[in-house]
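Engineer: Below are the sequence and a predicted model for it; my questions follow.
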Amino acid sequence: SQQGEEDPQALSIQEGENATMNCSYKTSINNLQWYRQNSGRGLVHLILIRSNEREKHSGRLRVTLDTSKKSSSLLITASRAADTASYFCATDTQIQGAQKLVFGQGTRLTINP
Amino acid sequence: DGGITQSPKYLFRKEGQNVTLSCEQNLNHDAMYWYRQDPGQGLRLIYYSQIVNDFQKGDIAEGYSVSREKKESFPLTVTSAQKNPTAFYLCASSIDQYTRGSNQPQHFGDGTRLSIL
């Protein structure tokens, strides 16, 4: 079952602008992860935020987590054409020690030059 | 370079045929996973394996089978019982959470695209 819902489903912005994507989930989590997928390729891990963290940065990426609202956001600042990809949030609902990620349906981001 | 290799990149299945997708990793990861991705959708978990000779069903295991005879390898067989096999299949691995603690990212291969002839 899909736990995460992402918003918007598609986003198109000009190069240099900031892009914000949102993710909502339903059950309690250990952590929430963001991944990027270029067309026809596998997923690349971007950033992991633990349930006891509220904000995390990595380069041009900023992730926030609000466990009371069961939501997270990914901000990409100063976007570049190379940021064009689909972005997925995934929640870690640990079962019997094996990590079981539940993915959202993704946001398709297009950066226009 | 360490990583995950999936082969083939493209695969075609005939009616009534079983096909096997290969996944090999040299990251020394204990846990491995198979996901299915349909167009415009997120990933759904088919099977996962925490250690050698052990694996568990995910959310959509019907019509699929796996084996884990070696730490490095986790092949997926799409059987003839899977009536809608056309999809993009992704293999992933991660450090075992029992030994290294939780909060580990997954590392993905570049996928196999399966179509019906």
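Structural biologist: It's in.

Engineer: Pull out the buried residues from stretch B:62-73.
Structural biologist: Under the neighbour-count criterion of 16 or more other CB atoms under 10 Å in any protein chain shown, stretch B:62-73 has B:64-66, B:68, B:72 buried. Every residue, glycine included, has its C-beta placed from N, CA and C.

Engineer: Which residue, neighbours along the chain excluded, lies closest to the residue nearest to the spatial centre of chain B?
Structural biologist: Nearest to the mean C-alpha position of chain B, by CA atoms, centre = their mean, lies B:Trp34 at 2.5 Å. In space, and not counting its chain neighbours, B:Trp34 is closest to B:Ile46: 4.3 Å by CB to CB, 6 or more residues apart in numbering or on different chains.

Engineer: Look up how far chain A lies from that neighbour.
Structural biologist: Remark: distance between B:Ile46 and chain A (CB to the nearest CB, to the nearest Å) = 12 Å.

Engineer: which phi and psi does that residue have?
Structural biologist: phi -100, psi -60 (degrees, to the nearest 10).

Engineer: B:Leu76 is in contact with B:Ser67, correct?
Structural biologist: No: using CB atoms under 8 Å, B:Ser67 is not in contact with B:Leu76; the gap is 9.1 Å.

Engineer: State the number of residues packed around the residue nearest to A:Ile76 when sequence neighbours are not counted.
Structural biologist: Spatially, and ignoring its direct neighbours in sequence, A:Ile76 is nearest to A:Ala19 (4.5 Å; CB to CB, 6+ apart). Residues near A:Ala19, counting by other CB atoms under 10 Å in any protein chain shown, number 20.

Engineer: So for stretch A:65-74, what gets flagged as buried?
Structural biologist: Under 16+ other CB under 10 Å, the buried positions of stretch A:65-74 are A:65, A:70-74.

Engineer: Touching that stretch from outside, list them.
Structural biologist: Outside stretch A:65-74, the residues that touch it by CB atoms under 8 Å, 6 or more residues apart in numbering or on different chains are A:20-26, A:28-29, A:32, A:34, A:46-47, A:49, A:51, A:53-56, A:61-64, A:87, A:89.

Engineer: ok, then the element right after the lowest-mean-pLDDT helix or strand in chain B?
Structural biologist: Using mean pLDDT, DSSP states H and E, helix B:97-100 stands out as the lowest-scoring helix or strand of chain B, at a mean of 61. Next helix or strand after helix B:97-100 toward the C-terminus (DSSP states H and E): strand B:107-108.

Engineer: How far off centre is whichever strand or helix holds B:Ser115?
Structural biologist: Under the criterion of DSSP H and E, B:Ser115 resides in strand B:112-116. Remark: strand B:112-116 is offset 13 Å from the chain centroid, using CA atoms, centre = their mean, to the nearest Å.

Engineer: Would you mind naming what in chain B lies close to chain A?
Structural biologist: Within chain B, the positions lying close to chain A (CB under 8 Å from any CB of the partner chain) are B:4, B:6, B:31, B:33, B:35, B:40-45, B:48, B:50, B:56, B:58-59, B:90, B:92, B:94, B:96-98, B:102-111, B:113.

Engineer: if I read this right, A:Gly42 contacts B:Phe108, doesn't it?
Structural biologist: Yes: assessed by CB under 8 Å, A:Gly42 is found in contact with B:Phe108 at 3.6 Å.

Engineer: okay, and the common contacts of those two?
Structural biologist: Residues touching both A:Gly42 and B:Phe108 (CB under 8 Å, 6+ apart) are B:4, B:90, B:92.
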